[in-house]
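Asker: Next come a sequence and a model predicted from it.
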Amino acid sequence: MDDPDILLTNDDGIDAAGLVRLYEELTALGEVTVVAPSENQSGVGRTRSHAAVRRDHPWGYTLSGTPADCVAYALRGLDTDFDFVVSGCNHGPNAGNYVTGRSGTVGAGIEAAFLGTPAVAVSAYHHEDFFPEPASDYDFGRPARVTVDLCRRAADAGLFTAGTLLNVNVPLDVADPEMCLTRPLPDYDLHVEHGADPTDIDAVDAIGRDGGLDADADGTVVRLHEEVWPDVVGFENPFPPTEQHRERYPAGSDRRALVDGEISVSPLTIDRGDAETAALDEIIQQYNVASGSD
């Protein structure tokens with residue numbers, strides 16, 4: 001593919017260090033147009049808005065919406081026929097089924113896949129520090145260069161067909177990381193706290209989807225404590241490079257790749273109908289026989 005038209009977006013906002021470095025590297029591959037959120041939109045998944053404000057930017061546009069909004073607008077609202085979409089480079093990993101489902105970075109790629117445009121969602125992690133915070137203290141050059149190389153090879157191999165979506169995690173601090181084909185690991189749990197004190201709940205939680213907490217005499221405040229990395233050392237670095245954690249995450253999983261400091265490449269699918277259905281087929285047949293529909 002010669003001089004492809006590339007759409008670049010992210011969920012950390014258009015001024016994020018990861019996007020800036022990715023833009024600089026991608027311009028060597030093709031014509032890059034940026035349509036990205038005007039502010040941080042981390043963790044919004046594939047949330048869409050009914051309307052958003054577009055503003056000009058030297059690299060394209062900002063949108064007062066989500067990453068999925070940015071992709072939807074660019075693919076259907078601009079005249080360019082984009083060859084593929086790159087989302088990132090995220091400040092932190094997106095590994096595991098639950099995390100990728102909530103990721104705005106991955107959500108942008110899912111929106112692109114649904115609209116028939118191949119996409120790569122790329123995230124950066126630090127093998128030792130895990131989260132690159134503050135992002136300004138880290139160099140996102142390696143994940144940006146890996147993304148360009150992967151996109152070039154995927155395009156040349158004819159992999160970029162409608163619906164293609166690759167979720168990629170690249171270490172910032174490993175000199176020559178190996179690239180591995182991986183699958184997202186289902187690893188999630190939740191702890192519910194009843195009778196939580198509203199005054200102890202932080203401002204973000206207190207805002208809530210329903211506009212705020214209002215525990216009257218008949219109400220009980222419940223707090224939902226997510227365990228997106230159950231039974232690990234801590235939130236700041238749930239994937240320390242120890243033998244214990246290598247054993248916890250099976251070989252071939254995206255989280256095992258992070259423990260080993262590798263580049264994780266997980267093909268994702270927007271087809272939700274690929275589960276085994278033999279048992280369900282039998283139930284449907286039994287129902288039709290019992291109801292006289294068969």
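Answerer: Arrived safely, thanks for sending. Numbers count the residues shown, from 1 in each chain.

Asker: In the stretch 1-150 of the chain, mark out all the helices, start to finish.
Answerer: Counting by DSSP state H, counting those that start in this stretch, the stretch 1-150 of the chain has helices at residues 17-26, 67-77, 97-102, 104-114, 141-156.

Asker: Okay, buried residues for the first one please.
Answerer: Spelled out, it's helix 17-26. For helix 17-26, the neighbour count (16 or more other Cβ atoms under 10 Å) marks 17, 18, 19, 20, 21, 22, 23, 25, 26 as buried. Yep, even glycine has a C-beta here, placed from its N, CA and C like the rest.

Asker: now swap in the last one and tell me
Answerer: Of the residues in helix 141-156, 142, 143, 144, 146, 147, 148, 150, 151, 154, 155 count as buried by neighbour count, 16+ other Cβ under 10 Å.

Asker: Would you reformat these as CSV and include pLDDT and distance to residue 90?
Answerer: What follows is the buried residues of helix 141-156, written out as CSV (pLDDT from 0 to 100; distance: Cβ to Cβ, whole Å):
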residue, pLDDT, distance to residue 90
142, 95, 14
143, 96, 9
144, 97, 12
146, 95, 13
147, 96, 11
148, 96, 16
150, 94, 15
151, 94, 16
154, 93, 19
155, 92, 22
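
Asker: Now flag whichever of those residues is closest to residue 165.
Answerer: Here the nearest of those to residue 165, counting by Cβ to Cβ, is residue 154; it sits at 11.3 Å.

Asker: Measure how buried the closest residue to that closest one other than its chain neighbours is and give me the count.
Answerer: Nearest non-adjacent residue to residue 154, counting by Cβ to Cβ, 6 or more residues apart in numbering: residue 160, 5.5 Å away. Residues within reach of residue 160, counting by other Cβ atoms under 10 Å, total 20.

Asker: And for residue 14?
Answerer: Neighbours of residue 14 (other Cβ under 10 Å): 24.

Asker: List the residues that contact it.
Answerer: 34, 36, 37, 38, 57, 59, 62 (Cβ atoms under 8 Å, 6 or more residues apart in numbering).
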